[in-house]
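Enquirer: build me a model from this:
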Amino acid sequence: MKLFPGGCVLFVIFGLMACTQQQYYEGLKSGSRSNCLEYPESEYEDCIEDTGKSYDQYRDEREEIVGNQPGLL
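Expert: Purely as a prediction, here's the structure:
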């Protein structure tokens, strides 16, 4: 099956739309935790603690700051 370029673009767009904000958050959090491995042992625990916030905690804090405005992540 041969896909035309427009079909590939639509496929990517629909694929990105399927991800939820929580999935984006968890992915970023995972990447941040991986970066903690580069810190010296003395800073590693603090780094891991900084990335330990759950999505619900993040969302609640975010809503306190920016409110529930549509279109903002």
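
Enquirer: use CA for all of it now, contacts and neighbours both
Expert: OK.

Enquirer: can you dump the C-alpha coordinates of the top helix by length along the chain into PDB?
Expert: Taking DSSP state H as the criterion, the chain has its longest helix at helix 21-36. Taking Å, rounded to 0.1, in the frame of the first residue of the first chain, the C-alpha atoms of helix 21-36 are listed here in PDB:
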ATOM      1  CA  GLN A  21      -2.500  15.800  28.400                       C
ATOM      2  CA  GLN A  22      -1.800  13.200  31.100                       C
ATOM      3  CA  GLN A  23       0.200  11.100  28.600                       C
ATOM      4  CA  TYR A  24       2.200  14.100  27.600                       C
ATOM      5  CA  TYR A  25       2.900  14.900  31.200                       C
ATOM      6  CA  GLU A  26       3.900  11.400  32.000                       C
ATOM      7  CA  GLY A  27       6.200  11.200  29.000                       C
ATOM      8  CA  LEU A  28       7.900  14.500  30.000                       C
ATOM      9  CA  LYS A  29       8.200  13.300  33.600                       C
ATOM     10  CA  SER A  30       9.800  10.100  32.400                       C
ATOM     11  CA  GLY A  31      12.400  12.000  30.400                       C
ATOM     12  CA  SER A  32      13.100  14.200  33.400                       C
ATOM     13  CA  ARG A  33      13.700  11.200  35.500                       C
ATOM     14  CA  SER A  34      16.100   9.800  32.900                       C
ATOM     15  CA  ASN A  35      18.000  13.100  33.100                       C
ATOM     16  CA  CYS A  36      18.500  12.600  36.800                       C
END
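
Enquirer: show me the contact partners of that helix.
Expert: Residues outside helix 21-36 that contact it (CA atoms under 8 Å, 6 or more residues apart in numbering): Tyr44, Cys47, Ile48, Thr51, Tyr55, Leu73.

Enquirer: list the contacts for the second one?
Expert: In other words, Cys47. Neighbouring residues of Cys47 by CA under 8 Å, 6+ apart: Arg33, Cys36, Tyr39.
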